[in-house]
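K.L.:
Need coordinates for the following:
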Amino acid sequence: MRMLARLSRRSVTATALGALLCGAVLATPLAAPATASSVATASPTVTVPPAGSHGFPFLAAAEDLGSYGYTESEYFISGTATSYAKSGLWTSDGRWNVRASGTAAYKSRLLVRRPADPAKFNGTVVVEWLNVSGQLDLSPDYWFERDELLREGYAWVGVSAQAVGVNGGLGEIKGLTGWDPARYGSLVHPGDAFAYDIFSQAGQALRTPNGPNPLGGLPVRTLLADGESQSAGFMTTYVNAVQPVSKVYDGFMVHSNSAIASPISGVLADTLLMPNPSRIRTDLAVPTFVVLTETDVPGAATARQPDTSSVVHWELAGTAHGDQWAFDIGSQTVQKSAGSAAPSPDCAAGSAPFNDGPGHWAMNAALRHLTVWARGGARPSSGQPLSTVLRDPATGLATGGVRLPDVTVPTRTLTGSRDTTGSGVFCGLYGARDPWNGDADAWDRHDDGDPSDPLFPATAEPVLSRLYPTHADYVSKVRTAAQMSVNAGYLLPEDAAAIIAAAQDSGIGG
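P.N.:
Numbering: from 1, shown residues only. You can find the predicted model right below:
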């Protein structure tokens, strides 16, 4: 193997993206002082919103949830939220103590998707901290985990935890209140210092609702907190500093975080005061599952830590922070609410297409394993570290990490990075794919824009007919690889069946 180092502009892009994703943190206004006794999670008041001018919630699903036996509804939660401040010295081990530092009134919302038939509810509620990197509420982990959520009877709840989602930020849509004043005009968010307790109170409202039951009376057995990207930075701080005092959630999914957690103050500049790296504390009674894509590993690798009885990490080969799957699942929903104001990857014309790798398959498995683990079952298998620098010279694929059939029986190059020259700031999150077609694509120039071969000397793309002399040979290798991934715990049996069926339906081989 040879080192296929990505050129500096990719590193610069990753750094800029990290700043952008953290940039959703807004300064927090002054609030009334709080006493330490007020840290215990309050039970907020739950109400039903008015219909508003649109007649549907922001981020309402564009797909027909009824065809999956699901229903969608929205609720407001309101009360008094507590902000936190550091207590004592915070170090990289994540064992962070806090004290209550202020209180403020708030009113936010929950977007709820649940089985219409109570008999189909599996007892687990996934509570996602909605992501606001695009300056409005988005639900990336719902999109990544959507198949597992809907087929297995989970309830999913999206929480507008941050000020940008409610009040608006730099985007064209000025938050929920600006998108539909008739529906959301009564919402109040006092700033991101209070986001942690708002998220706690959202969980409390699902366990012991004070008002209409957001889950329609479904009995909650397991409450999982979930955050992706910018939200994962907040989730890291929540796990380390807030869960020990709130004790609301039964487990945590931290998807695509970086080496530095979000500040407890909610003030962007205070990121500089956070421990670097910020690891996950290992003394909690509930589990934390950290999942990183190829895009994330360069910015998160310094926070690597050994897996324990309460913390497990996966680093996924051939995946991207955002990918074709999540884009396709989510884009119609975002367009339904945001229209032309929806965030766009805005990749340059003629550049490589988005990564369409196995990220969603891995997230399906991670979610099911976390559910079992949070209920006292077996801890998921650990994953190997991923190298995004040392790549297979023949395929351009990263080495190490969790390797699903898309990577072990490859038909294209999949990377978590891409050349973003002439592209928008979000483009780099989507990674790239490069079909193996004899270097026939416009981007196959053996430079930084070529995912399979970014450096001279030029290396020709693999020839599929040589890798897989017959179609039967290809299908057999996919079947074997899928079963190995199932046996290792990285792939679910039903997803393995889908992968094998796709291989059978393909024309690959011979």
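K.L.:
Make sure residue 231 is indeed in a helix.
P.N.:
Yes: counting by DSSP: H, G, I helix; E, B strand; the rest coil, residue 231 falls inside a helix.
K.L.:
The residue most central in space within the chain pairs with what?
P.N.:
Among the residues of the chain, the one closest to the centroid is residue 228, at 2.5 Å (CA atoms, centre = their mean). Beta bridges link residue 228 to residue 255, judged by DSSP bridges.
K.L.:
from now on call the first residue 31
P.N.:
Let's use 31 as the start, then, which means that last one is residue 258.
K.L.:
dump the residue contacts of it.
P.N.:
158, 161, 170-171, 174, 285-286 (CB atoms under 8 Å, 6 or more residues apart in numbering). (Glycine included, C-beta is placed from N, CA and C.)
K.L.:
The same query, at a cut-off of 6 Å, please.
P.N.:
Residue 258 is in contact with 170-171, 285-286, counting by CB atoms under 6 Å, 6 or more residues apart in numbering.
K.L.:
Of the residues you listed, just the buried ones, PyMOL syntax please.
P.N.:
Per 16 or more other CB atoms under 10 Å, the buried members of the contacts of residue 258 correspond to this PyMOL selection:
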select buried, resi 170+171+285+286
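K.L.:
For the stretch 331-480 of the chain, give me the ranges with low pLDDT.
P.N.:
Along the stretch 331-480 of the chain, the model assigns pLDDT under 70 to no residue.
K.L.:
likewise the stretch 31-180 of the chain?
P.N.:
Using pLDDT under 70, the flagged stretches of the stretch 31-180 of the chain are 31-70.
K.L.:
returning to what we had before: gap between the residue nearest to the centre of the chain and residue 367?
P.N.:
To residue 367, residue 258 is 19 Å away according to CB to CB, to the nearest Å.
K.L.:
what does residue 119 give?
P.N.:
43 Å.
K.L.:
Okay, helices next: where are they in the stretch 31-180 of the chain?
P.N.:
38-52, 170-182 (DSSP state H, counting those that start in this stretch).
K.L.:
no no, the stretch 431-540 of the chain
P.N.:
Under DSSP H, counting those that start in this stretch, the stretch 431-540 of the chain gives helices at 435-438, 494-497, 501-518, 523-535.
K.L.:
Report the contact partners of residue 211.
P.N.:
Not one residue lies near residue 211 by CB under 6 Å, 6+ apart.
K.L.:
do that again at 8 Å, thanks
P.N.:
Residue 211 touches residue 83, counting by CB under 8 Å, 6+ apart.
K.L.:
okay, now the closest residue to residue 405 other than its chain neighbours: neighbour count?
P.N.:
With sequence-adjacent residues excluded and distances taken as CB to CB, 6 or more residues apart in numbering, residue 405 is closest to residue 252, at 5.8 Å. Other residues near residue 252 come to 19 when the count uses other CB atoms under 10 Å.
K.L.:
Give me the phi and psi angles of residue 252.
P.N.:
phi -140, psi 130 (degrees, to the nearest 10).
K.L.:
Could you verify my assumption that it touches residue 402?
P.N.:
No: the pair residue 252 / residue 402 is not scored as a contact, 9.4 Å apart, by CB atoms under 8 Å.
K.L.:
Can you tell me what sits against stretch 518-529?
P.N.:
Residues contacting stretch 518-529 (CB under 8 Å, 6+ apart): 177-178, 181, 344, 391-392, 394-395, 398-399, 410-411, 413, 432, 434-435, 508, 512-513, 515-516.
K.L.:
Whichever of the residues you listed end up buried, select them in PyMOL.
P.N.:
A single PyMOL command selects the buried members of those (16+ other CB under 10 Å):
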select buried, resi 177+178+344+391+392+394+395+398+399+410+413+432+434+435+508+512+515+516
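K.L.:
who has more neighbours, residue 119 and residue 367?
P.N.:
Each of residue 119 and residue 367 has its neighbours counted (other CB under 10 Å); residue 367 has more, 20 against 9.
K.L.:
Check the secondary structure at that one for me.
P.N.:
Counting by three-state DSSP, the backbone at residue 367 sits in helix.
K.L.:
is it true that it touches residue 209?
P.N.:
Yes: Residue 367 is within contact range of residue 209, at 7.2 Å (criterion: CB under 8 Å).
K.L.:
Which neighbours do those two have in common?
P.N.:
What both residue 367 and residue 209 touch, as defined by CB under 8 Å, 6+ apart, is the set 84, 88.
K.L.:
just to revisit the earlier point, let me know the closest of the contacts of residue 258 to residue 355.
P.N.:
Proximity of those to residue 355 (CB to CB) peaks at residue 170, which lies at 10.8 Å.
K.L.:
OK, contacts around residue 393?
P.N.:
Counted by CB under 8 Å, 6+ apart, residue 393 has contacts 171, 174-175, 178, 285, 321.
K.L.:
how close does it sit to residue 285?
P.N.:
Applying CB to CB to residue 393 and residue 285 gives a distance of 7 Å.
K.L.:
Restricting the selection to alpha carbons, write stretch 321-336 to PDB.
P.N.:
Coordinates of each C-alpha in stretch 321-336 appear next as PDB, following Å, rounded to 0.1, in the frame of the first residue of the first chain:
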ATOM      1  CA  VAL A 321     -20.400   6.200  15.600                       C
ATOM      2  CA  LEU A 322     -18.000   8.000  13.300                       C
ATOM      3  CA  THR A 323     -17.900   8.200   9.500                       C
ATOM      4  CA  GLU A 324     -14.800   8.600   7.400                       C
ATOM      5  CA  THR A 325     -15.500  12.300   7.200                       C
ATOM      6  CA  ASP A 326     -15.400  12.600  10.900                       C
ATOM      7  CA  VAL A 327     -12.400  10.600  11.800                       C
ATOM      8  CA  PRO A 328      -9.700  13.200  11.000                       C
ATOM      9  CA  GLY A 329     -11.400  15.700  13.400                       C
ATOM     10  CA  ALA A 330     -12.200  13.200  16.100                       C
ATOM     11  CA  ALA A 331      -9.300  10.800  16.200                       C
ATOM     12  CA  THR A 332      -7.500  12.600  19.100                       C
ATOM     13  CA  ALA A 333     -10.500  11.700  21.300                       C
ATOM     14  CA  ARG A 334     -10.200   8.000  20.700                       C
ATOM     15  CA  GLN A 335     -10.500   5.900  23.900                       C
ATOM     16  CA  PRO A 336     -10.600   2.200  24.700                       C
END
